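Colleague: I'll drop the sequence and a predicted model, then ask my questions.
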Amino acid sequence: MNRRHLLALLLVLAISLATSPFAPPAGAQTEPPEAVAVTAALEGQVFLLRAGRQIALEPGMAVAESDEVLTFPNGRVRLRFADGSLVTIGPNSRCLVAFRRHTAERTGQVLRLIEGILRVFTAEAAADRIEVRTRSAISTPRGTEWIVERLPGSTAVFVIEGAVAVRGAGDAGVLLGPGFGTDVPDGAPPGVPKRWGQARVEDVLERTHLP
């Protein structure tokens, strides 16, 4: 086959692929993933990691399952979920919007805090329940507001209002009330609930505050 015939064959092949019923229409875009939350407020640098892409978050932008939220040292963001629950992610944090849990007892969004700090508010009447998981702890609310911080080698959980059940290694757990917190080392059960001092409380509240 000479060069002229080869070029003609390549041209025919290109035309057939472009007109194939299996080829996507020109300008077609992949459908966006289904949203589970919306960006209610933010400040500083906050990004969304989605399918290998880094996207700058903006107010009103949707967040979907399997998205990872990344905040820089000057960044923080508040997400509003469908049931009205609010999640505020503080600076220097990474949080994966992991998956929705569907069981006979309840449904709800599972978040995986990889590093950093977040605050959760759930309405008592909400049908869903947000659950926050880290490497060492699982915290589940009962109509409440609470904070989870992932630290090197451990997780800290503090309750502002309501009650939160915290589980560690071996499913050992504690129940925290308002003003109490626990530290959960990796591979160990939660520590005895303790009332946190004012300095520690003010620190976590400030880092998870958005007007």
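Modeller: That came through fine.
Colleague: show me the contacts for Ala169.
Modeller: Ser136, Gly187, Ala188, Pro189 (Cβ atoms under 8 Å, 6 or more residues apart in numbering). In short, each C-beta sits where N, CA and C put it, glycine included.
Colleague: which of the residues you listed has the most neighbours?
Modeller: Ser136 (21 neighbours; other Cβ atoms under 10 Å).
Colleague: The nearest residue to Gly177 once chain neighbours are set aside and Asp183: what is the separation?
Modeller: Excluding the flanking residues, the one nearest Gly177 by Cβ to Cβ, 6 or more residues apart in numbering is Ala163, at 5.7 Å. To Asp183, Ala163 is 18 Å away according to Cβ to Cβ, to the nearest Å.
Colleague: same deal with Ile147?
Modeller: Ile147 is 13 Å from Asp183, by Cβ to Cβ.
Colleague: More neighbours: these two, which one.
Modeller: The neighbour count for Ile147 versus Asp183, taken as other Cβ under 10 Å, is higher for Ile147 (25 against 19).
Colleague: Secondary structure element for the more buried one, which one?
Modeller: Assigning secondary structure by DSSP states H and E places Ile147 in strand 145-151.
Colleague: neighbouring contacts of that strand?
Modeller: 113-122, 132, 134-135, 137, 139, 155-162, 164, 176, 204-205, 208.
Colleague: please redo it, this time with the cut-off set to 7 Å
Modeller: With Cβ atoms under 7 Å, 6 or more residues apart in numbering as the test, strand 145-151 has contacts from 113-121, 132, 134, 139, 155-162, 164, 204, 208.
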